[in-house]
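**Q** The sequence isn't on hand, but the structure is:
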Ligand code: ZN
Ligand code: ZN
């Protein structure tokens, strides 16, 4: 394993430069460079830790010397140059076999400890929303709101932001992944915020769209349409549902309302902000299962006017989708 989230997931090691080998017999070996040796021994006390300036080739060479005949390599986490280095290290003594999504599939189902971390990340995110978005006033800029969200999350215990907050006022709310600018908030603007906290390595993802001042009829209507689609998709996100079909349900509803679907319905959330299972048209993810943590985030965007997205992070349980982000989905008029 060389994907750091996968290394962390299986070994507990949180350093940024490491490679992990796990044998069929459960025998495991972690390679890292000299900066992380003490940390690796502390975080992964049950593993053999070897020092190597280039952990992945170092680990392959060490496995070759130990008589290993074949090693799986995570195809998604190496560059062509790194593959060359791995072949050089293997030196025809060990066969390298490509693997795809093996650990990601394990990671898709969260255990109780992971769900607790995700729940905390979502609680911090909810608190930041209430602290910042509910207190917006005219004249504040998108950049200032993004900074305030970041500070509020840090103050509430986040180790970092899950990603750079997206804050869009007025027509900017129609740009799905808008980068905050110096635009000032004006009366009648839709305000779309998409942000989340990271806690103990786990991410949260929340989008709400509110309006400054009384909502215009079209804003109310747009928000109600998205809220209805989001509610229906949450209700359908039960064990056994197919992620690609959930996406189709959302895009069909958006199309039926007279609009063009702009992005997928959602994604898994965990050690990465976007991970398996993906709720997209081309998703090959299997049926949803209890313990999966996903987002449900339909949006409708009217270019030049404004857009609405409503997004929750939640856990799939036997009883259905249980939202971990819980702030109101009603159209707030600030
Ligand atoms: Zn989001
Ligand atoms: Zn998302």
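**A** Thanks, I have it. The model shown is predicted, which means the values in this text are computed figures rather than measured ones. Residues are numbered from 1 along each chain as shown. Ligands and ions are numbered 1, 2, ... in the order given.

**Q** what's near enough to touch the most centrally placed residue in the chain?
**A** For the chain, residue 273 is the residue whose C-alpha lies nearest the centre (C-alpha atoms, centre = their mean; 1.6 Å). Residues in contact with residue 273 (C-beta atoms under 8 Å, 6 or more residues apart in numbering) are 162, 163, 196, 203, 205. For the C-beta atoms, the positions are set from N, CA and C on the backbone; glycine is no exception.

**Q** where does it fall, phi/psi-wise?
**A** For residue 273, the backbone dihedrals (degrees, to the nearest 10) come out as phi -70, psi -30.

**Q** Residue 20 now?
**A** According to degrees, to the nearest 10, residue 20 has phi -130, psi 130.

**Q** ok, it - contacts?
**A** 1-2, 6-7, 10-11, 13, 28-31, 47, 59.

**Q** For the nearest residue to residue 320 once chain neighbours are set aside, give its distance to ligand 2.
**A** Excluding its sequence neighbours, the residue lying closest to residue 320 (C-beta to C-beta, 6 or more residues apart in numbering) is residue 238, at 4.9 Å. Residue 238 sits 20 Å away from ligand 2, taking C-beta to the ion, to the nearest Å as the criterion.

**Q** next one: residue 85
**A** Counting by C-beta to the ion, the gap from residue 85 to ligand 2 is 35 Å.

**Q** what's the answer for residue 299, then?
**A** For residue 299 relative to ligand 2 (C-beta to the ion), the value is 10 Å.

**Q** ok, that residue - contacts?
**A** 176, 207, 226, 262, 263, 307, 308, 309, 310.

**Q** Over to residue 237?
**A** With C-beta under 8 Å, 6+ apart, residue 237 has these contacts: 246, 288, 294, 296, 314, 316, 320, 321.

**Q** Write a PyMOL command that selects only the buried members of those.
**A** The PyMOL selection below is limited to those of the contacts of residue 237 classed as buried (16 or more other C-beta atoms under 10 Å):
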select buried, resi 246+288+294+296+314+316+321
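
**Q** closest to ligand 1 among the contacts of residue 237?
**A** Closest to ligand 1 out of the contacts of residue 237 is residue 296 (10.7 Å), distances taken as C-beta to the ion.

**Q** Let's see the pLDDT reported for the closest one.
**A** We have a pLDDT of 98 for residue 296.

**Q** and if you look at residue 320?
**A** For residue 320, pLDDT reads 97.

**Q** Quick check: it touching residue 241?
**A** No - assessed by C-beta atoms under 8 Å, residue 320 is found out of contact with residue 241, at 9.7 Å.

**Q** who's in contact with the residue of the stretch 51-200 of the chain found nearest ligand 1?
**A** Residue of the stretch 51-200 of the chain nearest ligand 1, by C-beta to the ion: residue 194 (4.0 Å). The contact partners of residue 194, by C-beta under 8 Å, 6+ apart, come to 165, 166, 205, 206, 207, 309, 311.

**Q** Show me what it is bridged to.
**A** residue 166, residue 207 (DSSP bridges).

**Q** how close does it get to residue 313?
**A** 11 Å (C-beta to C-beta, to the nearest Å).

**Q** Got phi/psi on residue 109?
**A** phi -100, psi 120.

**Q** Give me the common contacts of residue 194 and residue 313.
**A** 205, 206.

**Q** Just say helix, strand or coil for the nearest residue to residue 206 once chain neighbours are set aside.
**A** Leaving aside its chain neighbours, residue 206 sits nearest to residue 325 (4.4 Å; criterion: C-beta to C-beta, 6+ apart). With DSSP: H, G, I helix; E, B strand; the rest coil as the basis, residue 325 sits in coil.

**Q** let's number from 56 now, not from 1
**A** Sure thing, new numbering starts at 56, so read that last one as residue 380.

**Q** What residues does the chain have near ligand 2?
**A** For the chain, the contact set with ligand 2 under C-beta under 5 Å from the ion comprises 260, 350.

**Q** at 6 Å what do you get?
**A** By C-beta under 6 Å from the ion, the residues of the chain that approach ligand 2 are 260, 322, 350, 352, 366.

**Q** Dihedrals phi and psi, residue 316?
**A** phi -60, psi 130.

**Q** So residue 136 belongs to a strand, correct?
**A** No - Residue 136 is assigned helix when assessed by three-state DSSP, not a strand.

**Q** Number of residues surrounding it?
**A** Counted with other C-beta atoms under 10 Å, the neighbours of residue 136 add up to 8.

**Q** in stretch 165-176, what counts as buried?
**A** For stretch 165-176, by 16+ other C-beta under 10 Å, it's 165, 169, 170, 172, 173, 174, 175, 176.

**Q** what distance separates it from the middle of the whole chain?
**A** 13 Å (C-alpha atoms, centre = their mean, to the nearest Å).

**Q** repeat for stretch 82-94
**A** 27 Å.

**Q** what about it, how long is it end to end?
**A** 20 Å (C-alpha to C-alpha, to the nearest Å).

**Q** is it true that residue 195 touches residue 241?
**A** No - the pair residue 195 / residue 241 is not scored as a contact, 10.3 Å apart, by C-beta under 8 Å.

**Q** the more surrounded of those two?
**A** residue 195 (19 against 12).

**Q** That's all I had, so thanks and see you.
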